[in-house]
Each structure stands twice: as structure tokens, then as C-alpha cells.
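In: I'll drop the sequence and a predicted model, then ask my questions.
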Amino acid sequence: DAGVIQSPRHEVTEMGQEVTLRCKPISGHNSLFWYRQTMMRGLELLIYFNNNVPIDDSGMPEDRFSAKMPNASFSTLKIQPSEPRDSAVYFCASSRDREAEAFFGQGTRLTVV
Amino acid sequence: GESVGLHLPTLSVQEGDNSIINCAYSNSASDYFIWYKQESGKGPQFIIDIRSNMDKRQGQRVTVLLNKTVKHLSLQIAATQPGDSAVYFCAEGDDKIIFGKGTRLHILP
């Protein structure tokens, strides 16, 4: 398996624009997580899905952020409109079940100017 | 509320020595703990995990110790090598995986 695949690897956008980050989890994994990493706040859990259903989105910063998982092999994280403070590395991870190790993608480095 | 924290932000260790990275957690109900390693430009990578019904688990060159009485977790790396340079995170993982702030391990030649 190729592991968790995220795209794009890098994204530079202007403030106010819509940004969509994509994730393909490992086949057979039924939990998917979106994290944001910054120097100031470390690794923050934004939202996680189990069997394609959002279970906990309490980490989503505000209404500008939304996430979907239309099927077991694809998830998106959307920011609209984007702001400079959204600049961070966004990671997607998947695991086969709860209380199991999570495998991380390479991340998307987002810069909002 | 639940939280996972680390005692030291940076740890410098001589190559060949053993490294010990510590972590404190506050949620006494947590059942599952994980250590991750993150190298520059990469996502976190699983190292070892431990469940609350255990107090020690060993892997290849790594050992995790869990002290539930004081809610403390540690990662021991034997014979530290240059390739061990990274940021190490402890995490609590029941339904969701919550990470601590991380400790940077620096290997001295």
C-alpha cells in the first residue's frame, strides 16, 4: 500500500480564496483524522471520521473550516475564505480501528498571503 | 479536561547513550498511549504503543514505561543514533488521538 496520500504537498493562496486539501486513506482503514500543525500550537486534531461519519469536529477552528468524507477512500478539508492565520501544515491520518496506530500522510503545507 | 504534556522541549544526548523522553497526562481514564517520531518535513511516524493494562512494553531499541499512579509515560531509546534525531510526541489514543507538545531530541557527536 502507498500509505496515506495527501494533495497538494504545498499550497500558496491569497487571503479570501477557497482552499481544498485532499486525502486518500489506507485501504481498509475505517478511521480518518485531520490535524493542523503549527509551531505555536503543535499538532491539533481538527476532526475525525469513523466509517465515513464525522464523529468529533470540536477541533475545527470556526465555520470557515469544513470536512467531508464521501466514501471510504477520500476526504477533503476545505477552508473558505482562507486567512493568513490558517497558514500551517495540515496532516491527514488513518487507522484500522480505534485504539490502533494511526498512519500519517506527508502533509500539505498551506501558506495564505 | 484531558491534556497531554511534555516536561522538556529539547533533549541533547551523546551518540551511543540512552535517551529518556518523558510525558505527563491528565486523563486517568485513558486506555491507550502512543509514541510518535516526526522527522523534518515528514508526518509523525508510529514508534510504539502501550495499553493501560500494561506498565512496560519493549520494541527494537525502544521501551515505553507507563506509570498510571502518577500519570506518567516515558520513552527510552537505547544506544541513540544520529538517525534518532527528531521530535518525539506522546499521544493519548482512545477514540481520537490527542498529541502532546513534543520533545526535540538532538544527538551530539
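Out: Now that the structure is in, tell me what you want to look at.
In: Contacts only, for the residue in chain B positioned nearest to chain A.
Out: Closest approach between chain B and chain A, counting by Cβ to the nearest Cβ: B:Gly43, at 3.2 Å. Just so you know, the C-beta spots here come from the backbone N, C-alpha and C atoms, and that holds for glycine as well. The neighbours of B:Gly43, taking Cβ atoms under 8 Å, 6 or more residues apart in numbering or on different chains as the test, are A:4, A:91, A:93, A:104-107.
In: can you name the two of those that are farthest apart?
Out: The largest separation in the contacts of B:Gly43, counting by Cβ to Cβ, is between A:Ala93 and A:Gln106 at 11.2 Å.
In: which one of these two has more residues nearby?
Out: A:Ala93 (28 against 17; other Cβ atoms under 10 Å in any protein chain shown).
In: Just confirm the more buried one is within a strand.
Out: Yes. When DSSP: H, G, I helix; E, B strand; the rest coil is applied, A:Ala93 is found to be in a strand.
In: hmm, back to that, how close does the residue of chain B closest to chain A sit to A:Pro84?
Out: 24 Å (Cβ to Cβ, to the nearest Å).
In: Then B:Ile107?
Out: Taken as Cβ to Cβ, the spacing of B:Ile107 relative to A:Pro84 amounts to 35 Å.
In: And B:Asp84, by the same measure?
Out: 35 Å.
In: Name the residue in those two with the higher neighbour count.
Out: When neighbours are counted by other Cβ under 10 Å, B:Asp84 comes out ahead of the other of B:Asp84 and A:Pro84, with 19 against 10.
In: Can you read off the pLDDT for whichever residue of chain A sits closest to chain B?
Out: Distances between chain A and chain B by Cβ to the nearest Cβ are smallest at A:Phe104, namely 3.2 Å. At A:Phe104, the pLDDT value in this model is 96.
In: burial measure for it, as a count.
Out: 22.
In: A:Gly105 now?
Out: Counted by other Cβ under 10 Å, the residues lying close to A:Gly105 total 25.
In: Who are the contact partners of the residue nearest in space to the middle of chain A?
Out: Taking Cα atoms, centre = their mean as the criterion, A:Trp34 is the residue nearest the geometric centre of chain A, at 3.3 Å. By Cβ under 8 Å, 6+ apart, the contact set of A:Trp34 is A:23, A:45-48, A:67, A:75, A:77, A:90-92.
In: in the sheet, who's paired with B:Tyr25?
Out: B:Tyr25 has the following beta-bridge partners by DSSP bridges: B:Val4.
In: is it true that it touches B:Phe33?
Out: Yes. Contact criterion Cβ atoms under 8 Å: B:Tyr25 and B:Phe33 qualify, at 7.4 Å.
In: how about the residues of chain A that lie near chain B?
Out: Chain A comes close to chain B at residues A:4, A:33, A:35, A:42-43, A:45, A:48, A:50, A:55-56, A:91, A:93, A:95, A:98-99, A:101-107, as judged by Cβ under 8 Å from any Cβ of the partner chain.
In: Buried ones from those residues, can you make that a ChimeraX selection?
Out: Restricted to the buried members of these, where burial is judged by 16 or more other Cβ atoms under 10 Å in any protein chain shown, the ChimeraX selection command reads as follows:
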select /A:4,33,35,42,43,45,48,50,91,93,95,98,101,102,103,104,105,106,107
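In: List, one by one, the residues from chain B near chain A.
Out: B:31-32, B:34, B:42-46, B:49, B:51, B:89, B:93-102.
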